[in-house]
Structure formats: structure tokens, C-alpha cells
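**Student:** Here you go, sequence then predicted model.
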Amino acid sequence: MRVNQTGAAGKTIVNEMKSPEEKDHDLSVVKKGRKKMPRGKKENLIGYLFISPWLIGFLGLTLGPMLFSLYASFTNYNITSRMDFIGFSNYKRMFQFDDLFTVSLWNTIYYVAFTVPLTTVGAILIAVLLNQKIKGMSIFRTVFYLPAVLSGVGVYFLWMQMLSPSTGLVNTILAWFGIAGPAWLFDPEWTKPALILMKMWSVGGGMLLYLASLQGVSKQMYEAALLDGANVFHRFFYITLPMITPIIFFDIVTSTIGSFQVFQEAYVMSQSGDGGPANSLLFYNLHMWNNAFELFDMGYASAMAWVLFIIVLILTVFHLYLSKKWVYYEGGDGR
Amino acid sequence: MTLAKAKWYETKKFRVSFKAWIITFFLLAGSLLVLLPLWWMVSTSLKSPQEIAQYPPTFFPREFHFSNYLEAWQTAPFTRWAMNTLFIATMGMIGSVLVNSLVAYSFAKIRFKGKNILFIIILATMLIPGFVTLVPQYILFSKLGWVNTYLPLIVPAFFGSAFFIFLLRQFMMTIPNELMEAAILDGAGHLQIWWHIMLPLTKPALIAVAIFSFNGSWNDLLGPLLYLNDERMYTLQIGLQTFRGTVQTQWHYLMAMSVTVLLPVIALFFFFQRYFIEGANINSGTKG
């Protein structure tokens, strides 16, 4: 009895608590005489319907394949006939027996260690220069951004031509200054610097991001600093730089991930992926590519893919951890 | 001698213009470094093989061999490759614009359960290196019998991309809800609002997505390299790569075709500059 009573009371309370909108909705059900989905549920359904392409793509083209490759990494899968479980053999092979794996990992780390800081500093410097009030600034901005949209085989060919040891543009210019240029793509010591040099040409790509954030730094801060007698360097290091640290952080994280995936340029510039002189251009992904699509050793390639994923993940988490020490978020840091 | 009077190099006017000159100098020097390779490419493409081989190299071609372009173009089926590339890039562009804007609309304007978690997942997928999914995706597409078709290069665009969804969602967030509410009162559904209100209002961002997508397909070597075996189906990028095998180190031909392949991208950039910059601005405005 008592239970029933409270139950009834509960019901009326719930009825009272219903928003006017929902009451109207109930009315409409009565009026139209057919069952209609409550509003919230309908919104849910439409919301999911609209994102369904991405959701299906995520499950079918990202998550599913990744889980499959996780399983495949513990097998000797070769896409056609065999798929036997072999435990950690692929991972063991990577770190103990595959010398080329070590070489490719080292080459990649070398490349990342130079390109990430160089492109970050370069992009900031260019953005600061392009943020001044100078005549013809929009032309300069266009010029500096242009190389960023140019990529692909044509650009690699251009650089191969320019880096040609005897008649190339780069060594010709170096010769003006009395420097005997290296053999670049033919010298194992210089192949990676050659690729880094090429990367630096399109450093303007990251500039736009910084330019936009520089323009968001409030003028009042600079004015206040000027009154306190701060010079150009003070203003840059104590105002500008801290204010754009969120973008620097974002740029470093994404360019680290991007640089770890260096592939196309190395593939083209090392004669269709043979790794260049002394394997000096055999980057991680090139080695993975050769294992997967030349040798069809899909199990091993899957294991390599997962090791890459874990390396990148660790680096991202590390960046995230470090960011607490140096990234400044205006209006609170959300910690 | 007056004590108070500032020397000529201490006046504010001088200091401001001096600073401007220094900055202009650095910018001019930088521009030169950026543009020199492009000039070098054009100049080499117009030289004779003898002139390219000579030392020291010439900056300005002694004779203009415009025929290099025609000869190179006819050495390989470039017309066919250009058509193939155009087809793939256009299809991918259509898919990108439609699907990403629909998904972005849902994340920006529809309230549904689990939205925030799903959006975080989208952001997280941007941190997955593409190469991690490359091998299993290849296995999937080869089991579907899609190798040596254009499907693996086009279909994924119709499933959206995290970066574009993010970019469009940020842009749509800035569009006031009042504009939609009027439409809802008139009995419009979300599909109609998306098509009739959101798409026209987000045109700049959509154009940015279209350009990035087209540019990405046009410059992509990896996908065609992996999925296309038949020479007749090649795109310009992979065609150019095999073209090197045909002409070896005949740099005048290689440069002529490099210029030709890059020209549409450069044209696109100059016509739609504003939108390239728009895309980058939306991106940074939200991360700051």
C-alpha cells in the first residue's frame, strides 16, 4: 500500500517536473493520434545519422584495421596463404635480428630531431617578420607560403636537380662563397641533411598558424612593456613567445607525428625505395613499406606499424606532460 | 651645441623607417631563397641538355627550348594520367565537402548523446600516424578486390576526415543558432537546415576544404603507388615517377613535366589564396 502511494506520488512529481515543451509534445501525440518519438530521442537519432559516415569509416577504416593489424602482428601473415600465431617473434626479430630496422629507426630519429626544431623556429621567425607593418606585406606572405602547397614528385625532382653535385644550383651558390659543396644525395653522410634542407624550403607552411596567433596578442601588453623600458628582445621573449606557446605546442606535436612518417621524398629520391647510399635514406616507413608490399611479410609490417604507433604515442604523451611546464594558457590552464 | 636636440639617427622617424628597411631586407632575401628554386625549375626546363650539363650552370637559358614541354608530354601518356588525376581529385573533393560538412554540422548544432566523447575520439584519430592503418587498409581493400581500381583512392573521402570535420565544426560553431531557430519554426528539419542554411553560410570554409582535398589528391604519390598497377590508370604523380625511368637523367624533360604537374597547384593557390589562409586561421583561432 505504502509503496503504491509513494509510487503514485512519484509519478505526479515527475509529471510536474516535465518541461512545458514535453507536455506540449504529449498533447501532440494525442492530437495526431499516432506515436511519435520523443524529441530528445529523435535528435539523438538524427545526430548519429549525420555522423554515421565518419563513424562507419572510423570503425571500418581505422579501428577495425588497427585491431586486425594488432592480431596480425603476432602471426606470420602473408596476405595469401598463411596466418599462424607466432607469439612475439615479429617483435623480437625487429629489435634483435633486423639490422635494417635499427638503421631505419635511427635514420628517422635523426630526421625528426632536426626537422622539428628547425621548422618550428623557422616558422616562428618568418611569422614574426611577416607580422610587421611593411609595404607589400601581403605579397611577402604569399611568397613564403607558396612552397607549402607544392609537394609531390615534381618538387623532389627539382631538388634532385638542384642538389646535383657538379652542376646543381646549391653547390654553385656554395662555390661563390668558396665552399666546396658535398655530393648530397650520393654521399651517405649528406642524404639526410639534403632532405632536411628541402623540408626547410617549405617552412612557410607552419608560418600561417603562428601569424594568426601573433595577431591575437593584445597590443596593450606591448605598450605596457614599452613604458617599462623593455627592448625588442625583452618583448619577444617575455610577451610574444609565452603568448604563442599553445600554438608552438600544437605545432611540435603534429610535426613530430608528421616527420616520423617521412616516406614519399625518400622513396622518390632513393630510386624507388632502395634506401639510398648505405641505406642512409631507409626511413622507418620505407622499411615497413618494403616488408609489406615488396616481401608481403604483412605480419612483420603490422608489428612495425604498432611499434611506430607506440613510439609516436609515447612522444605525444611526453610532449603533453612537458607542456604543463612551458605552455601558457591565457584565461586559466584548465588543470 | 644644443644638448636637448636628438641626433638624426636618434629621431623616432628614422628609427621606425630604419627598422622597416631591415625587415624588408630580410624578407626580400627570404623571398629570393624561396623563389630561386622555382625559377631554377622553369629555367632548366627550357634549356638544351648541353646547356644543363655545362659548368658553371647558367641562370638564364641561352636559348628557349619550349619544345621540351611538347616532346616530354608526348613521351608518355600524360594526357591520360592528367584525366585520371582530375577524376580522382574531383571525386574526392565532392566526397570531402559533402560528408565532412554533414558530420561537422551534427557535432556543431545537434544535441545527441555521447557527442563530446565522439568528438574527442575524432581529435585523437588525428594523432594516429597514417602509416599505422596503411597495411591493414591495404589488406582490406585487396580482399574487397579493389586493388588496381580508383575505389581505394576515392571511397575513403566519403567517410570523412578528422581534420576537415574539426575545421568545419569550428567554423559552424561561430554561426548563431538564431538563424536555425527561425527555420525550425518554419518546420525545417536538420537536413534542410544543413543544405539551405549551413552550406551557404560556411562557403569560405567549404572552399578551404575543397582546395585542401583537391591539392592532397593531386600531390599524393603513396595511394596511387600502392593501389594502381596498370599504367593506363596511373595518376600524374606516379606517372611522373615512372617517367624518370624512361628518360633517365634528361633533366630538361623531367623539369618540364615537373613544372607542368605543379602549374595547376600554383594556379589554384593564386586564385584561392584567401581560402588557404582562412583554413589555417580557423585552425589556429581555436587552438590558441
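**Tutor:** In hand now; what should we look at? Residues are numbered from 1 along each chain as shown, chains lettered A, B, ... in the order given.
**Student:** Stretch B:159-178: which residues count as buried?
**Tutor:** Buried residues in stretch B:159-178, defined by neighbour count with 16 or more other Cβ atoms under 10 Å in any protein chain shown: B:159-172, B:175. Glycine gets a C-beta too; all of them are placed from N, C-alpha and C.
**Student:** out of the residues you listed, which one sits closest to chain A?
**Tutor:** Closest to chain A out of the buried residues of stretch B:159-178 is residue B:159 (2.5 Å), distances taken as Cβ to the nearest Cβ.
**Student:** still on that earlier bit, what about the buried residues of stretch B:159-178, which are in helices?
**Tutor:** If you go by DSSP state H, the buried residues of stretch B:159-178 have B:162, B:163, B:164, B:165, B:166, B:167, B:168, B:169, B:170, B:171, B:172 in helices.
**Student:** contacts with chain A among those, please.
**Tutor:** Filtering those for proximity to chain A (criterion: Cβ under 8 Å from any Cβ of the partner chain) leaves residue B:165.
**Student:** what's the closest of the ones in helices among the buried residues of stretch B:159-178 to residue B:88?
**Tutor:** Nearest to residue B:88 among these is residue B:164, at 17.1 Å by Cβ to Cβ.
**Student:** ok, that closest one touching residue B:210?
**Tutor:** No - counting by Cβ atoms under 8 Å, residue B:164 stays clear of residue B:210, with 9.8 Å between them.
**Student:** what sits in contact with each of these two?
**Tutor:** Counting by Cβ atoms under 8 Å, 6 or more residues apart in numbering or on different chains, the residues touching both residue B:164 and residue B:210 are residue B:96.
**Student:** would you put the C-alpha positions of stretch B:109-117 in CSV?
**Tutor:** C-alpha atoms of stretch B:109-117 as CSV (Å, rounded to 0.1, in the frame of the first residue of the first chain):
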residue,chain,number,x,y,z
LYS,B,109,24.5,22.0,-33.9
ILE,B,110,22.7,18.8,-33.0
ARG,B,111,22.5,17.6,-29.4
PHE,B,112,23.0,13.9,-29.1
LYS,B,113,24.2,11.5,-26.5
GLY,B,114,28.0,10.9,-26.4
LYS,B,115,28.8,13.8,-28.6
ASN,B,116,31.7,15.0,-26.6
ILE,B,117,33.3,11.6,-26.3
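**Student:** Of all the residues in that stretch, which ones are buried?
**Tutor:** Residues of stretch B:109-117 classed as buried: B:109, B:110, B:112, B:115 (neighbour count, 16+ other Cβ under 10 Å).
**Student:** Over to stretch A:300-318?
**Tutor:** A:300-309, A:311-312, A:315-316.
**Student:** measure the residue nearest the centre of chain A to chain B for me?
**Tutor:** In chain A, the residue lying closest to the centroid (Cα atoms, centre = their mean) is residue A:254, at 3.1 Å. Note on residue A:254: its distance to chain B, by Cβ to the nearest Cβ, to the nearest Å, is 8 Å.
**Student:** what's the helix or strand for that residue?
**Tutor:** Residue A:254 belongs to helix A:245-260 when assigned by DSSP states H and E.
**Student:** May I see the buried residues of that helix?
**Tutor:** The neighbour-count check on helix A:245-260 (16+ other Cβ under 10 Å) flags A:245-257, A:259-260 as buried.
**Student:** touching chain B at all, stretch A:314-334?
**Tutor:** Yes - Stretch A:314-334 reaches chain B (Cβ under 8 Å from any Cβ) through A:316, A:330.
**Student:** Which residues does that stretch contact?
**Tutor:** Applying Cβ under 8 Å, 6+ apart, the external contacts of stretch A:314-334 come out as A:242-243, A:245-246, A:248-249, A:252-253, A:256-257, A:335, B:127, B:288.
**Student:** please redo it, this time with the cut-off set to 7 Å
**Tutor:** For stretch A:314-334, contacts defined as Cβ atoms under 7 Å, 6 or more residues apart in numbering or on different chains pick out A:242, A:245, A:246, A:249, A:252, A:253, A:256, B:127.
**Student:** any chance of the residues you listed in a markdown table, plus distance to residue B:250 and pLDDT?
**Tutor:** Formatted as a markdown table, the contacts of stretch A:314-334 follow (distance: Cβ to Cβ, whole Å; pLDDT from 0 to 100):
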| residue | distance to residue B:250 | pLDDT |
| --- | --- | --- |
| A:242 | 53 | 90 |
| A:245 | 49 | 91 |
| A:246 | 49 | 89 |
| A:249 | 46 | 92 |
| A:252 | 41 | 93 |
| A:253 | 42 | 92 |
| A:256 | 39 | 94 |
| B:127 | 43 | 88 |
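**Student:** Going by distance to residue A:64, which of those wins?
**Tutor:** residue B:127 (18.2 Å).
**Student:** Assign a three-state SS to the closest one, would you?
**Tutor:** Of the three states, residue B:127 takes coil under DSSP: H, G, I helix; E, B strand; the rest coil.
**Student:** Surely it touches residue A:257?
**Tutor:** Yes - counting by Cβ atoms under 7 Å, residue B:127 touches residue A:257, with 6.3 Å between them.
**Student:** check which helix or strand covers the residue in the stretch 1-150 of chain B that chain A sits nearest to.
**Tutor:** In the stretch 1-150 of chain B, no residue comes nearer to chain A than residue B:112, which is 2.8 Å away by Cβ to the nearest Cβ. Taking DSSP H and E as the definition, residue B:112 sits outside all helices and strands.
**Student:** List the contacts of residue 130.
**Tutor:** Unless you meant another one, I'm taking chain A. Contacts for residue A:130 (Cβ under 7 Å, 6+ apart) come out as A:137, A:140, A:141, A:144, A:207, A:211.
**Student:** switch to chain B, that's the one I care about
**Tutor:** residue A:261.
**Student:** any idea how far residue B:163 is from it?
**Tutor:** Distance of residue B:130 to residue B:163, computed by Cβ to Cβ, to the nearest Å: 11 Å.
**Student:** and if you look at residue A:64?
**Tutor:** Distance of residue A:64 to residue B:163, computed by Cβ to Cβ: 21 Å.
**Student:** again with residue A:216
**Tutor:** From residue A:216 across to residue B:163, the span is 21 Å (Cβ to Cβ).
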